[in-house]
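> Next comes the sequence, and after it the predicted model I'd like to discuss.
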Amino acid sequence: MLLLQLIINGIQVGALYGLTAVGFSLIFGATKIFHFAHGASFAISAYVFYYLYAVLLVWWPISILAACIVVVVFGVALDRYVYGPIQSTDGSFFTIFVGSFGVAVVVQNLIGTVFGRGFISVPSALSKSVELAPGLYVAPTAAIAVVIAVACFVALQLFLGRTNIGIAMRALSESPALVRTFGLNPKAVSTCAFALGSLLVVPAAVLTSMTSGLNAAIGGRVMLISVAATIVGGVGSLRGAACAGLLLGIAENLALWRFDPQWSEAATFLILFAFIVLRPSGFFGRAVNS
Amino acid sequence: MPSLRKAAVLAFSLLAASAAPVSAQDLRIGAIFPLSGANADYGDLYMGATELAVSHLNEAKVLGGKLSIAYEDSQALPQQGVIAMNKLVNVEKVPYVLSAFTGVSKAISTTAARSRTVAVNGGGVGPDLAELGEYFWNVIPLANFEVRAIAPYLVQKRGLKRFVLVYVDDPLGQSIKRELEASLAPLGGVLAETLSVPSNAQQFSGIAARVRDAKPDVVYIASFGAQQSQIIKQLRDNGVTQQLASYSGFAIPAIAGLAEAKGALFTTQRIDWNSDDPVTKRFTREYQAKTSRAPSAYAANYYNAVLLFGTLAASLRKAGLPVTGENLLAKRREIGTFDLVGGRVTFEKDGTIRSAMQINEVGGEPAAVETVPAP
Amino acid sequence: MLQMSKAPALPATLLEIVNLTKSFEGVKAVDDVSLHLREGIITTLVGPNGAGKTTLFNLITGHLRPTAGDIRWQGDSVVGTAPWKIAQLGVARTFQDLRLFSHMTVFENVLTVMENSAWFWQSEAGSVTERRRRVHEILDATGLVHKAEVRANDLAYAERKFLSLARIMATKAKMWLLDEPASGLDPGSYERFVTLLRNEVRRGITICIIEHNLEIVVSISDRISFLDQGRLLADGEPDEILSNPELSSIYFGERNP
Amino acid sequence: MIAYLINLATLVCINAILAITLNFIMGYAGIFSLAHAVFFGVGAYVAAFMALQWTDSLLFQLVAAMLLAGLLSAALALPALRVRGDYFVAASLGFQVLATTVFSEWKSVTGGIGGLVGIPPASIAGHAITDPVEFFGLAAVALALVVVLTTAIVRSSFGRSLKAIRDSESAALAFGKNVALIKTLSVFYSTAMCAVAGVLYADYLSFINVESFTIDASTLFMAMVIVGGIGTVWGPIVGAVLLTLLPAALTYLPFLPRTEIGSVQQMIYGLAMVLLMIFKPDGLMGAKQGEA
């Protein structure tokens, strides 16, 4: 029963990891920007939701909507005013990575200063578990997480497969010139990638604020998971990122079955190492050896 | 906003420090508290008490000059603590430093011993704090007393025999684990499962599953600060309905205000807030008035630590001796027993104190559920 | 493969390619190519884009591993040998996109090529002053002397091309593989360029060159190998190849079924 | 006050060694590691463990720490360096997290989260270095040696090979550079020297625990290199001075609440990283013609 419980916990956590990782992977795939501040997006949307819903007592759909708007503005502004200028001068992988890293550091400390560095959580009846079977407890948030993750992923696939801009987004990583011949501005496509990628963190951020709570440093952890999932899934493969996110969530919880909790994070990185050394192309990715 | 108040206190003390004429008679001591980071709540709590003690000592004019405190931020991290300690010892040249948190206290103890500076702990409760040399004092009974007080109460009076321990894997958590292992068996209790967590962990749903799986009667939590709230909330969210128990780490406002924590039992040293003893009375009244908080054992400890310095420094001054770490130590050994908040306190040879303990219930009235006399 | 009439006395083979095949996910970029690169002459690889010329270079230098077939350097197979070892055997190359050491100075670009691999001492590469003199000589020959202290990144296009050549001149390689070294050069520059190459061949260097500009091909080649879609279609004297109407129609894109 | 300044100066020296060694692989070999603090930690733990268990001889501690850190990095570098740059960053990040777990769990050696307390002072030829001024001298000498040695390597043929690999790995290969060997050697050198800083750190503070060797530390070292100027001789030193003194300097700003100093410091260097990448990617000391 413990095993089953851990798997269910893992699926809940993994579904949210998957969504966040898909956002990162989408941005990385379409723009080749190593968006380290993706974790910062997560933290921002979570805190906006927390502040509106739990402190100002705003109705929940409006709180979520506000979180969406703020996080999209943040992502797009970063693309326009930070990554854009960096790309126009140097634009090597490293300069963008450092710039993004700097943004993540600033956001984390800003949140700490404004909201405090302690732990906060959004009180909600949804995180209260019910006993489904003897010894098996599942909270409504688990079901919500899985449903939303699947819905978002399907919607994203439709968007990428059926719309012009979606197709362009997939093409952008291959060749910016190709996108221009489509009659689309690569800048607009990259803006769209940032908007969508950032939007995908909102469900995870909101649910996390209810279940395991938030602190100012949460962005760093989210980022680690996203990077790990993107690589394990194979760079450029959204399907891979989603599956890998799920895998990492389950692995992290399953590790608890036999090991002490402090090793559960290590499980994530053992998987990452195994993939980097044995199968650097990930589940579904292309070969990447230099 | 606690941080605003804290900032105001700081700004005020800075102003006061810069405005007041500095005389050769003035005394300065140091304090290394977590003023930022996840455990800033504690620093906030301690500072209210130390500031109160300073104002009381300065009003009493027993020191022949003004007393002030140089605060340094440890963020509850050992390394920051050592850097702060170096600054206090080398720049401020203080003879006496208030310390908090087991890890930080252990870290600064070497510098304390080498520079012959007295370090006084009023918050950390790891039992190994008793072994840090003659310059390291504790004005708080250490965690071994806490475990020894609550274990018989839970097993014998409440009939809760099967324990699960969720602990942070640091010196404090490890010592609580050792202490539980040692004290449960003779009482007829069992430590069914011990689950260690990293100090920065956030997700405890898996831990909750393992706790449930162990089918405990009581879950003992040995963490600190913000993480405790997370553990409690997620245990309750994930179907752990059993009695919760802890040590004095639960004596913070964040836990008192957490709905899920209601009914949890925890130990603190015994302090009779309604006692007729004048020191306790004055502290209780003014602390409440000044900080609009109920007095707590932590606050009393740090108030006591400053008061202890005042008593020692005053008698050194009277004897015409300089206030140095060495002299403070000699004086403490000479006097031995002090009247502090909560009553008369006697120091053991190793620089620790013993005290009666009490068991409290979160959200319970009255505050103390049970009193356990000093061993 | 079209058989051309063989010239009676060909120089000895330095590098032999035997039934070489390289496929990427089922697509054959190089398809069963056999070729002799002969000592002391300039062999030119021609053919339309995607003919597999650069892939052939990458296979020879060990940057890619063949799917099948063999590559023999002076009779010994070098398949599976690390690129840096092949380079030390005596095969040097340039890249189509140059790949200069862009943050280093022109002088350093040339100097580093002369130096041994990983060690601090340079037993085989002569004394420090000797090496510096040699770098100076090469920069002089390529017209880069006054740019010696400029970063490669800050050079003009033609200068970068010449630096790419200077770099290969600094090696002790017997065979040079040049990937479109003259593309984009103005007429004055490429005349200088052709003269340079001719001088080097006279010194005993063997050159294999990928070139599109027919004028250059004509003026420079001793032999021509014609590739299309990974296959070697023809191999022979320049006038033989260039006069073949079938090849020229392929070359100019009028592909007949 | 002098004592405090010497305390800061000693920390600056240690941080400068860390920044220089990180710059060596980042700036000259193009290897972007977010795990530098791990090797700092290895050095510190080796020194502390030896001092507590066997010997206070600085020489033995240095040799053992350098060897262990170097060999560990070489063992990791061999598989990890095969993959692309961004993968390596991710791998080093993962390694950093993993190492942090090991540091806090391997209690018999590292003392766990509680760390190692009361590390005896190191001694050179039987003379124990307890005086802070002497220790500062030691740190300064170590820094000077690292600067001289690193600069010499960068200007040697090995350094040129390294820069060639950074600029174009495939071209370096095509010109006979044994890329794997050169990269592994440079990682070995960088981490061995980094371990020297660890030894000094452990002996100086006489206390170490895992918190000094986490991802935050790695980030700070990276910030030092970047703010100062990646791939320059003086950049990492300038960066180390600035970022080490920043928190100390901030404590002297009366209007800044104590509780916010940590955050303000991090915000300043975070912001500095962003602005530098936009306006001056070469860092404060960078962008001199011909300097590479």
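That came in fine, so what should we check first? Since the model is a prediction, treat every value here as computed from it, not as a measurement.
> Got phi/psi on B:V218?
Per-residue torsions, B:V218: phi -150, psi 140 (degrees, to the nearest 10).
> pretty sure it contacts B:R162?
Yes. The criterion here is CB atoms under 8 Å, and B:V218 meets it with B:R162 at 7.3 Å. For every residue, glycine as well, the C-beta is placed using N, CA and C.
> which one of the two has more residues nearby?
Each of B:V218 and B:R162 has its neighbours counted (other CB atoms under 10 Å in any protein chain shown); B:V218 has more, 23 against 18.
> Who is the more buried one paired with across the strands?
B:V218 has these beta-bridge partners by DSSP bridges: B:F163, B:Q243.
> In contact with it: list those residues for me.
B:154, B:158, B:160, B:162-164, B:242-245 (CB atoms under 8 Å, 6 or more residues apart in numbering or on different chains).
> any idea how far it is from A:A217?
For B:V218, the distance to A:A217 (CB to CB, to the nearest Å) stands at 31 Å.
> what do you get for B:D169?
Taking CB to CB, one finds B:D169 at 19 Å from A:A217.
> can you pull out the strands in the stretch 51-200 of chain A?
Under the criterion DSSP state E, counting those that start in this stretch, the stretch 51-200 of chain A contains strands at A:130-133, A:136-138.
> which parts of the last one are buried?
Which is strand A:136-138. For strand A:136-138, a neighbour-count test (16 or more other CB atoms under 10 Å in any protein chain shown) marks A:136-138 as buried.
> At the geometric centre of the chain, which residue do we find?
Unless you meant another one, I'm taking chain A. By CA atoms, centre = their mean, chain A has its centre lying nearest to A:T20, at 1.7 Å.
> nope, chain C
Geometric centre of chain C, nearest residue: C:L177, 1.6 Å, by CA atoms, centre = their mean.
> Low-confidence regions, the stretch 151-292 of chain D specifically.
Applying pLDDT under 70 to the stretch 151-292 of chain D flags the ranges D:251, D:254, D:256-262, D:286-292.
> again, 90 this time
D:152-163, D:165-185, D:203-212, D:214-220, D:222-235, D:239, D:242-292 (pLDDT under 90).
> how about the helix or strand the residue nearest to the centre of chain A falls within, does it reach chain B?
Take DSSP states H and E as the rule and A:T20 turns out to sit in helix A:2-31. Yes. In terms of CB under 8 Å from any CB of the partner chain, part of helix A:2-31 sits within range of chain B, namely A:2, A:5-6, A:9, A:12-13.
> State the next helix or strand along the chain beyond that helix.
Next element after helix A:2-31 (DSSP H and E): helix A:38-50.
> which element is B:Y167 on?
Here B:Y167 is assigned to strand B:162-168, by DSSP H and E.
> Could you list the low-pLDDT ranges of the stretch 101-250 of chain C?
C:101-104, C:107-108, C:110-138, C:140-162, C:164-165, C:169-174, C:178-205, C:211-223, C:226-250.
> So out of everything in it, what residue is nearest chain B?
Chain B sits closest to C:H103 of the stretch 101-250 of chain C, with a gap of 36.7 Å, by CB to the nearest CB.
> That residue and D:I25: what is the separation?
C:H103 sits 15 Å away from D:I25, going by CB to CB.
> the more surrounded of these two?
D:I25 (25 against 19).
> Relative to A:S92, how far out is the more buried one?
In terms of CB to CB, D:I25 sits 16 Å off from A:S92.
> Equivalent analysis for A:A266, please.
Per CB to CB, A:A266 is found 31 Å from A:S92.
> hey, where'd the helices end up in chain C?
C:53-60, C:83-89, C:106-114, C:128-142, C:157-169, C:187-202, C:214-220, C:238-242, C:245-251 (DSSP state H).
> Need the nearest residue in space to residue 23, chain neighbours excluded.
Looking at chain A here, since you left the chain open. Sequence neighbours aside, A:L200 is the residue nearest to A:G23 in space, at 3.5 Å (criterion: CB to CB, 6 or more residues apart in numbering or on different chains).
> sorry, should have said chain D
Leaving aside its chain neighbours, D:N23 sits nearest to D:P236 (4.2 Å; criterion: CB to CB, 6+ apart).
> got a list of contacts for stretch A:221-229?
A:17-18, A:20-21, A:23-25, A:36, A:38-39, A:42-43, A:104, A:201, A:204, A:241, A:244-245, A:247-248, A:268-269, A:271-272, B:202, D:90, D:93-94, D:97.
> Tell me the buried residues within those residues.
Counted by 16+ other CB under 10 Å, the contacts of stretch A:221-229 give A:17-18, A:20-21, A:23-25, A:36, A:38-39, A:42-43, A:104, A:201, A:204, A:241, A:244-245, A:247-248, A:268-269, A:271-272, B:202, D:90, D:93-94, D:97 as buried.
> where does B:V97 fall, phi/psi-wise?
Per-residue torsions, B:V97: phi -130, psi 130 (degrees, to the nearest 10).
> That one and B:R116 touch, don't they?
No. B:V97 is beyond contact range of B:R116, at 11.7 Å (criterion: CB under 8 Å).
> Any part of the lengthiest helix in chain D near chain A?
Secondary structure of chain D per DSSP H: the longest helix is helix D:179-205. No. Applying CB under 8 Å from any CB, one finds helix D:179-205 out of contact with chain A, separated by at least 9.6 Å.
> Quick check: the residue nearest to the centre of chain A vs chain B, distance?
Using CB to the nearest CB, to the nearest Å, A:T20 is found at 14 Å from chain B.
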